[in-house]
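**Q** mind folding the following:
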Amino acid sequence: MRTDHVDIYHVHQWDGLTPLEETLETLDLLVRSGKVRYLGVSNYSGWQLMKALCVADTHGCQRFVSNQIYYSLESRDAEYELVPLSLDQGLGIMVWSPLAGGLLSGKYRRGQDAAEGRHLTEWSEPPVRNADKLYDTIETVVDIASAHDASPAQVSLAYLLAKPGVTCVVVGARKDEQLADNLGALHVRLTDEDVDRLDRVSAPDLIYPHWHQADLVAGRFSEADLALHRPAR
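**A** Below you'll find the predicted structure:
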C-alpha cells in the first residue's frame, strides 16, 4: 500500500475476557508510535463502548473516534443507544451494510422472487425479523426513488447520509455498475417529506426505557436523544 501507517484502525468485535485496560493501552501505543492515526470501534453495545471510553479517559489513552455500525432502513436498532452515544461523545458514525446486504436495492419485492441473489429466508446477517415491515419499507423506497428519477439503492443510501452523525457508508458492490449506482446517492436530495415517510415506515419499536422516557420526559430530550425520538415534521 506504500504507506507506513494506518489512517484508522477499528477494533471489530467486543472481547469480554481481556481487560479493557490492556486493549486500550496497546491501541494507545500504536497511535503514539505513529503506526496508527486514529482508533475506531465496531459492533460494540452501548454499555461496552461507554465503558471503553471511560477507561480510555481514566488512563489517558487515545479514545475511539469512529463507531462502525450496522444501520439501515431494514433495521434502525442502532438508534436505541449507539447513534445517541456517538453524537453525545463525538464519534463519527461509519455504516456497514447500509443496503442490508442488498435487501434495500429494490430487487426484493413483496410477492416476487428475486432474479438473482439470496431468498429472504436465507438472511442471517442482517436477520430479517419482520418481513411485512421490510416490504412496506421497500415499497416506500421504490416510490420515492421513482419521484426522484433515482434507484432504490440510492434513496436508501441518501437517507442514511442525511442522518445525524453519519460520516460515511461502506458499500459492498460486486459489480462496476452497482458501485456507480451507489455513488449516485451523493446527488439525491431527499425532501423533508421523503425523510418523514421513510422514518415512519421503518420506525423501530420503542423498547424500555425509551417508551417510558417518551411518555414522561420528552420535553427534556437533547439532540442525542432525538436521534431516536425526533418527532415527524
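**Q** mind listing the helices for this structure?
**A** For the chain, the helices defined by DSSP state H occupy 20-32, 46-59, 82-89, 131-147, 152-161, 176-183, 192-202, 210-216, 226-229.
**Q** which stretch in those helices has the least confidence?
**A** Between the helices of the chain, the lowest average pLDDT goes to helix 176-183, which shows a mean of 88.
**Q** helices or strands up against it?
**A** Helices and strands touching helix 176-183, by 3 or more C-beta pairs under 8 Å, 6 or more residues apart in numbering; DSSP states H and E, are helix 152-161. (Each C-beta comes from the backbone N, C-alpha and C, glycine too.)
**Q** show me which positions of the helix it packs on end up buried.
**A** Buried residues in helix 152-161, defined by neighbour count with 16 or more other C-beta atoms under 10 Å: 152, 153, 154, 155, 156, 157, 158, 159, 160, 161.
**Q** do stretch 168-178 as well
**A** Of the residues in stretch 168-178, 169, 171, 178 count as buried by neighbour count, 16+ other C-beta under 10 Å.
**Q** quick check: the last one vs residue 208, distance?
**A** So the one you mean is residue 178. In this structure, residue 178 and residue 208 are 40 Å apart, going by C-beta to C-beta, to the nearest Å.
**Q** center of this structure, which residue is that?
**A** residue 71 (2.8 Å; C-alpha atoms, centre = their mean).
**Q** contact partners for that residue?
**A** Neighbour list for residue 71: 78, 79, 83, 93, 95, 98, 160, 163, 166 [criterion: C-beta atoms under 8 Å, 6 or more residues apart in numbering].
**Q** distance of the closest residue in space to residue 198 that isn't next to it in sequence relative to residue 15?
**A** Leaving aside its chain neighbours, residue 198 sits nearest to residue 159 (5.3 Å; criterion: C-beta to C-beta, 6 or more residues apart in numbering). To residue 15, residue 159 is 33 Å away according to C-beta to C-beta.
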